[in-house]
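Student: Sequence below, structure please.
(one chain, ligands or ions: 1)
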Amino acid sequence: MKSVLLPLASALRSGEITSVSLTEKYIARIEEKNPQINAFIHNCFDYALESAERADKLIKGGNAPILAGIPFGIKDNICTKGLPTTCCSRILENFKPIYDAAAWEKLKAAGAVLLGKTNMDEFAMGSTGERSVYGPCVNPLNGEKVTGGSSGGSAAAVCARMAPYAIGSDTGGSVRQPASFCGVVGFKPSYGAVSRYGLIAYGSSLDCIGTLTSSVSDAAIVFDGIRGRDDRDRTSIPSPTGKKELKGDIKGLKIGVAEELFEGCSSEVADAVKEAVKLYESAGAKIIKMSIPALTLALPAYYIIACAEASSNLGRYDGIRYGYRASGYSGVDDMVIKTRSQGFGDEVKKRIMLGTYVLSSGYFDAYYKKACIVRNNIKAELEKVFGQCDVLFAPTAPKTAFPRGYASTNPLETYSADMCTVPVNIAGLSAISIPCGADKEGMPIGLQIIGARGADLTVLDCAYFAERENAFAHCDKGEDDYEL
Ligand code: GLN
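Tutor: Numbers count the residues shown, from 1 in each chain. As a prediction, the model looks like this:
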């Protein structure tokens with residue numbers, strides 16, 4: 001893990017490179033690598049070069065924001081005015097929003113250079129990056145493996161050095177899990193820390209915009225560029241105050257290790273995370289072993305709540321207002337039925353049906369209401385936990401990247417593999433995944449560091465310790481060809 005953004009920002013300022021030359025370099029890289037990896041599904045290279053020219057002027061003028069002139073990619077469920085935003089679904093084919101998402105608006109104002117939109121599981125439902133109408137995204141580290149998902153394209157773009165950083169979204173792990181599978185850093189801020197305005201809704205009470213980067217320092221820089229309260233998202237919260245600079249100061253930090261988050265993990269994953277715990281302990285952190293039984297219910301609660309919210313959120317796709325409309329229909333009902341039948345993929349249909357079922361009058365109490373009660377219990381338990389410790393250490397995923405095609409034949413196991421990430425969304429917490437080891441095939445293992453809601457800077461600082469100490473250098477992945 002080392003910063004890519006800091007050296008780029010300083011080379012842009014010293015005049016060693018220009019934003020235009022840097023953008024051209026990344027465009028060439030995408031043209032070379034993307035045909036095999038499929039991380040980018042809509043490119044906007046002309047727009048990128050125009051933005052780069054503007055950024056060069058901004059930088060010359062002095063005082064440009066740190067992200068000015070640096071190219072990046074953005075997940076296809078985040079609205080980019082005038083540019084395709086399809087959620088990798090047929091139902092949004094050709095959709096071009098008439099407004100920008102808040103996060104992109106901020107990056108645009110900072111002079112960031114958008115290269116294109118990244119591949120994802122349709123409507124962010126999935127954990128492999130394969131369920132996209134544009135075809136699967138492939139893990140750059142091993143062509144037989146998935147990238148993880150749903151922000152698989154964003155993780156793969158960073159891993160394959162097709163972009164210095166990328167933006168994703170995390171409803172139940174979709175930033176952290178692909179980061180873990182691709183050996184990059186995935187940061188999911190506290191719920192509300194980044195405005196959801198313009199993020200196409202999946203599960204609104206869980207959705208969160210996050211970052212995919214090569215290092216923790218870069219995650220902090222990008223987070224700083226997109227966070228903040230926004231009146232257009234009434235659930236957004238003010239930016240954290242207090243220390244801003246990353247120090248990696250972990251002396252006396254209390255790290256909780258909950259046994260439930262290791263259940264079902266492969267021994268390679270569990271061992272790598274336990275090694276990381278030891279390393280922090282030997283550097284002065286205090287380890288607190290604990291049990292949080294409520295966490296075992298996070299997975300079923302998540303899938304009930306996420307599907308319920310999705311069934312409501314996706315009701316807006318009817319062929320009238322957005323994207324695809326089926327042809328050859330007779331009457332409005334038939335048009336809506338045909339549009340949805342043809343426009344949504346199987347996983348999305350499954351979740352809409354499941355969500356409608358758990359919200360239906362006869363089953364509401366038995367499923368949705370119960371899931372909300374479970375959610376409140378988990379929140380309360382975790383609040384107590386963060387009274388005893390500053391962060392929790394856990395695996396990001398119980399196993400390393402699945403083989404391609406595995407999810408379609410093993411759906412339950414794939415859902416279960418979200419068990420370490422979903423409690424964070426259920427309780428609105430902050431969490432980061434950093435690479436901390438590799439399995440025997442050389443595929444990366446992610447260490448997840450979880451903090452209380454609002455403790456984003458504590459999480460980043462704790463993770464930064466590993467970067468500063470170069471603690472997991474043995475498992476650095478990706479091609480190291482960042483020469484300017
Ligand atoms: N894998 C989880 C799901 O399919 C998480 C998705 C996400 O975070 N967007 O719901």
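Student: Now do stretch 374-384: distance to the chain's middle.
Tutor: Computed by Cα atoms, centre = their mean, to the nearest Å, the separation of stretch 374-384 from the middle of its chain amounts to 23 Å.
Student: Ignore what I typed, I meant stretch 446-460.
Tutor: A distance of 14 Å separates the centroid of the chain from that of stretch 446-460, by Cα atoms, centre = their mean.
Student: can you check stretch 220-227 too?
Tutor: For stretch 220-227, the distance to the chain centre is 14 Å (Cα atoms, centre = their mean).
Student: tell me the average confidence for it?
Tutor: What stretch 220-227 shows for mean pLDDT is 97.
Student: what does stretch 64-76 give?
Tutor: 98.
Student: now stretch 415-425
Tutor: On average, stretch 415-425 scores 98.
Student: Repeat that for stretch 395-404.
Tutor: Stretch 395-404 comes out at a mean pLDDT of 98.
Student: Pull out the buried positions in it.
Tutor: Going by neighbour count (16 or more other Cβ atoms under 10 Å), the buried part of stretch 395-404 is 395-402, 404. Every C-beta, even on glycine, is put in place using the N, C-alpha and C of the backbone.
Student: Run through the residues of this protein sitting next to the ligand.
Tutor: 124-127, 150, 170-174, 202, 306, 418 (Cβ under 6 Å from any ligand atom).
Student: Go through those and flag which are in helices.
Tutor: In helices, defined here by DSSP state H, the members of these are Ala306.
Student: ok so Ser21 is a helix residue?
Tutor: Yes - counting by DSSP: H, G, I helix; E, B strand; the rest coil, Ser21 is part of a helix.
Student: Tell me which entries of the buried residues of stretch 395-404 lie within strands.
Tutor: With strands taken from DSSP state E, the overlap with the buried residues of stretch 395-404 comprises Pro395.
Student: Looking from the ligand, tell me which residue of the stretch 301-450 of the chain is nearest.
Tutor: Closest to the ligand within the stretch 301-450 of the chain is Asp418: 4.8 Å, counting by Cβ to the nearest ligand atom.
Student: and that residue, how many neighbours?
Tutor: Using other Cβ atoms under 10 Å, Asp418 has 23 other residues around it.
Student: And for the one 10 residues further on?
Tutor: Burial of Gly428 is recorded as 20 neighbouring residues (other Cβ under 10 Å).
Student: cool, Ala326 as well?
Tutor: 17.
Student: Gly362 too?
Tutor: Using other Cβ under 10 Å as the criterion, Gly362 is surrounded by 7 other residues.
Student: Which secondary structure state does it sit in?
Tutor: Applying three-state DSSP: Gly362 is coil.
Student: residues touching the residue sitting furthest away from the middle of the chain, list them.
Tutor: For the chain, the largest distance from the centre (Cα atoms, centre = their mean) belongs to Ser330, which lies 41.1 Å off. Residues in contact with Ser330 (Cβ atoms under 8 Å, 6 or more residues apart in numbering): none are found.
Student: Confirm that it sits in a helix.
Tutor: No - checked against three-state DSSP, Ser330 lies outside a helix; its state is coil.
Student: what about it, distance to Cys420?
Tutor: 49 Å (Cβ to Cβ, to the nearest Å).
Student: repeat for Ala110
Tutor: Distance from Ala110 to Cys420, by Cβ to Cβ: 33 Å.
Student: okay, the two: which has more neighbours?
Tutor: Between Ala110 and Cys420, counting by other Cβ under 10 Å, Cys420 is the more crowded of the two (33 against 19).
Student: tell me the SS of the more buried one?
Tutor: Under three-state DSSP, Cys420 falls in the coil class.
Student: what's the answer for Val133, then?
Tutor: coil.
Student: swap in Lys117?
Tutor: strand.
Student: What is the neighbour count of it?
Tutor: Taking other Cβ under 10 Å as the definition, Lys117 ends up with a neighbour count of 27.
Student: same question, the one 5 residues further on
Tutor: Using other Cβ under 10 Å, Glu122 is surrounded by 27 other residues.
Student: now swap in Ala366 and tell me
Tutor: Counted with other Cβ under 10 Å, the neighbours of Ala366 add up to 10.
Student: can you check Thr414 too?
Tutor: Neighbours of Thr414 (other Cβ under 10 Å): 18.
Student: now swap in Asn63 and tell me
Tutor: Neighbours of Asn63 (other Cβ under 10 Å): 7.
Student: Equivalent analysis for the one 5 residues further on, please.
Tutor: The tally of other residues near Ala68 (other Cβ under 10 Å) stands at 26.
Student: mind listing the strands for this structure?
Tutor: Going by DSSP E, the chain shows strands at 40-43, 71-75, 113-118, 166-169, 185-188, 209-213, 254-258, 286-290, 391-395, 430-438, 444-451.
Student: Any idea which of the ones you listed gets closest to Asp231?
Tutor: strand 209-213 (16.8 Å; Cβ to Cβ).
Student: packing partners for that closest one?
Tutor: Where contact means 3 or more Cβ pairs under 8 Å, 6 or more residues apart in numbering; DSSP states H and E, strand 209-213 is packed against helix 152-159, strand 166-169, helix 176-182, strand 185-188, helix 216-226.
Student: mind running it again at 10 Å?
Tutor: Under the contact criterion of 3 or more Cβ pairs under 10 Å, 6 or more residues apart in numbering; DSSP states H and E, strand 209-213 touches strand 71-75, helix 102-109, helix 152-159, strand 166-169, helix 176-182, strand 185-188, helix 216-226, strand 430-438.
Student: Kindly export it (C-alpha atoms) in CSV.
Tutor: What follows is strand 209-213 as a C-alpha-only set of coordinates in CSV (Å, rounded to 0.1, in the frame of the first residue of the first chain):
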residue,chain,number,x,y,z
ILE,A,209,-20.8,5.9,-1.3
GLY,A,210,-17.2,4.8,-0.7
THR,A,211,-13.8,4.8,-2.2
LEU,A,212,-11.4,2.3,-3.9
THR,A,213,-7.8,3.3,-3.8
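Student: of all the strands of the chain, which lies closest to Ser408?
Tutor: strand 40-43 (20.2 Å).
Student: before we move on, the earlier item: can you name the residues that contact the residue of the stretch 301-450 of the chain closest to the ligand?
Tutor: 127, 171-174, 177, 298-299, 302-303, 306, 397-398, 425 (Cβ atoms under 10 Å, 6 or more residues apart in numbering).
Student: which one of those residues has the most neighbours?
Tutor: Ser174 (36 neighbours).
Student: Excluding chain neighbours, what is closest to that one?
Tutor: Leaving aside its chain neighbours, Ser174 sits nearest to Ser150 (4.2 Å; criterion: Cβ to Cβ, 6 or more residues apart in numbering).
Student: I figured the one you found hits Gly168, correct?
Tutor: Yes - Ser150 is within contact range of Gly168, at 8.0 Å (criterion: Cβ atoms under 10 Å).
Student: shared neighbours of these two, anything?
Tutor: Here Ser150 and Gly168 have 75, 77, 120, 124, 174-175, 178 as joint contacts, going by Cβ under 10 Å, 6+ apart.
Student: Thanks a lot, catch you later.
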